[in-house]
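**Student:** predicted model and sequence below, questions to follow.
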Amino acid sequence: DTAVSQTPKYLVTQMGNDKSIKCEQNLGHDTMYWYKQDSKKFLKIMFSYNNKELIINETVPNRFSPKSPDKAHLNLHINSLELGDSAVYFCASSPGHASYNEQFFGPGTRLTVL
Amino acid sequence: GNSVTQMEGPVTLSEEAFLTINCTYTATGYPSLFWYVQYPGEGLQLLLKATKADDKGSNKGFEATYRKETTSFHLEKGSVQVSDSAVYFCALSDFNAGNNRKLIWGLGTSLAVNP
């Protein structure tokens, strides 16, 4: 049983397109996150939801819009894709929003913008 | 502000060598400290953590001790294996109200272990 799953695993698309990445966790956690990891492995928090409420909204272009339909799901929609959006996007979840909780990561979605 | 500094990689070792990856931090309050590991092609996973000064976290032969006097949380392993090849991330949290919702991440240190 996969704890945190993401779809798709790979996404190749053209500049200017709109795409979505989906995430689901079956751990019963209250909090979910989206991270971006660049080619140098630098990890940057983008968003976090706790019980469907947005609690972290870092400095991210407004082309990125998260949506949490329920506690178990967190999706990321990206409009007007740019070359610089190419990265690996990780979803994660944790039992609560306090940062001392262990975070459980999905396998990542490798986005390539051509 | 809070920050984490890790030694730059890549680190390349032979199997059975001793490993140290340095991590120092700057924080107000009383952070918890973490090491996460990312194996090739996978997401990160928690390797070990320590929640207060002088605590030692350990897992899979790795250890790290929370040193408040030197603001450090260095990762060590006595004898590395090829399967330890991965990227290692040091991270800290903070109990202070208003800023306890996200981890502060180091830049990651890549480790390659040769047979």
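**Tutor:** Thanks, I have it.

**Student:** now chain A, which segments are flagged as low pLDDT?
**Tutor:** A:1 (pLDDT under 70).

**Student:** with just CA atoms, put the one helix or strand residue A:44 maps to into PDB.
**Tutor:** Assigned by DSSP states H and E, residue A:44 belongs to strand A:43-50. Output in PDB follows, covering the C-alpha atoms of strand A:43-50 (Å, rounded to 0.1, in the frame of the first residue of the first chain):
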ATOM      1  CA  LEU A  43      14.200  21.800  -1.800                       C
ATOM      2  CA  LYS A  44      11.700  24.600  -1.500                       C
ATOM      3  CA  ILE A  45       8.400  24.500   0.300                       C
ATOM      4  CA  MET A  46       5.600  25.900  -1.800                       C
ATOM      5  CA  PHE A  47       2.300  25.300   0.000                       C
ATOM      6  CA  SER A  48       0.800  23.500   2.900                       C
ATOM      7  CA  TYR A  49      -2.700  22.600   3.800                       C
ATOM      8  CA  ASN A  50      -4.100  21.600   7.200                       C
END
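
**Student:** so what are the sheet partners of it and their directions?
**Tutor:** With DSSP bridges as the test, strand A:43-50 is paired with strand A:31-37 (antiparallel), strand A:53-57 (antiparallel).

**Student:** list the buried residues in it.
**Tutor:** A:43, A:45-50 (16 or more other C-beta atoms under 10 Å in any protein chain shown). The C-beta positions use only the backbone N, C-alpha and C, and glycine is treated the same way.

**Student:** what sits against residue B:71?
**Tutor:** Listed by C-beta atoms under 8 Å, 6 or more residues apart in numbering or on different chains, the contact partners of residue B:71 are B:24-27.

**Student:** and if we set it to 6 Å?
**Tutor:** Going by C-beta atoms under 6 Å, 6 or more residues apart in numbering or on different chains, residue B:71 touches B:24-25.

**Student:** separation between it and chain A?
**Tutor:** Distance of residue B:71 to chain A, computed by C-beta to the nearest C-beta, to the nearest Å: 18 Å.

**Student:** and residue A:76, what is it in contact with?
**Tutor:** So residue A:76 contacts A:21, A:34, A:66 (C-beta under 6 Å, 6+ apart).

**Student:** direction included, what does the helix or strand where it lies pair against?
**Tutor:** Per DSSP H and E: residue A:76 is located in strand A:73-78. Within its sheet, strand A:73-78 is paired with strand A:19-25 (antiparallel), strand A:64-70 (antiparallel), according to DSSP bridges.

**Student:** paired strands for whichever helix or strand comes after that strand, with orientation please.
**Tutor:** For strand A:73-78, the following helix or strand on the C-terminal side (DSSP H and E) is strand A:87-94. Each strand that pairs with strand A:87-94, with its direction, by DSSP bridges: strand A:31-37 (antiparallel), strand A:104-105 (antiparallel), strand A:109-113 (antiparallel).

**Student:** turn the strands paired with strand A:43-50 into CSV, including distance to residue A:78 and mean neighbour count.
**Tutor:** Below are the strands paired with strand A:43-50 laid out as CSV (distance: least, C-beta to C-beta, whole Å; neighbours: other C-beta atoms under 10 Å in any protein chain shown):
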stretch, distance to residue A:78, mean neighbour count
strand A:31-37, 11, 25
strand A:53-57, 15, 14
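
**Student:** skipping adjacent residues, who's closest to residue 56 in space?
**Tutor:** I went with chain A, as the question did not name one. residue A:48 (3.6 Å; C-beta to C-beta, 6 or more residues apart in numbering or on different chains).

**Student:** switch to chain B, that's the one I care about
**Tutor:** Distances taken as C-beta to C-beta, 6+ apart put residue B:65 closest to residue B:56, at 4.7 Å, once the chain neighbours are dropped.

**Student:** fine, thanks again, bye for now.
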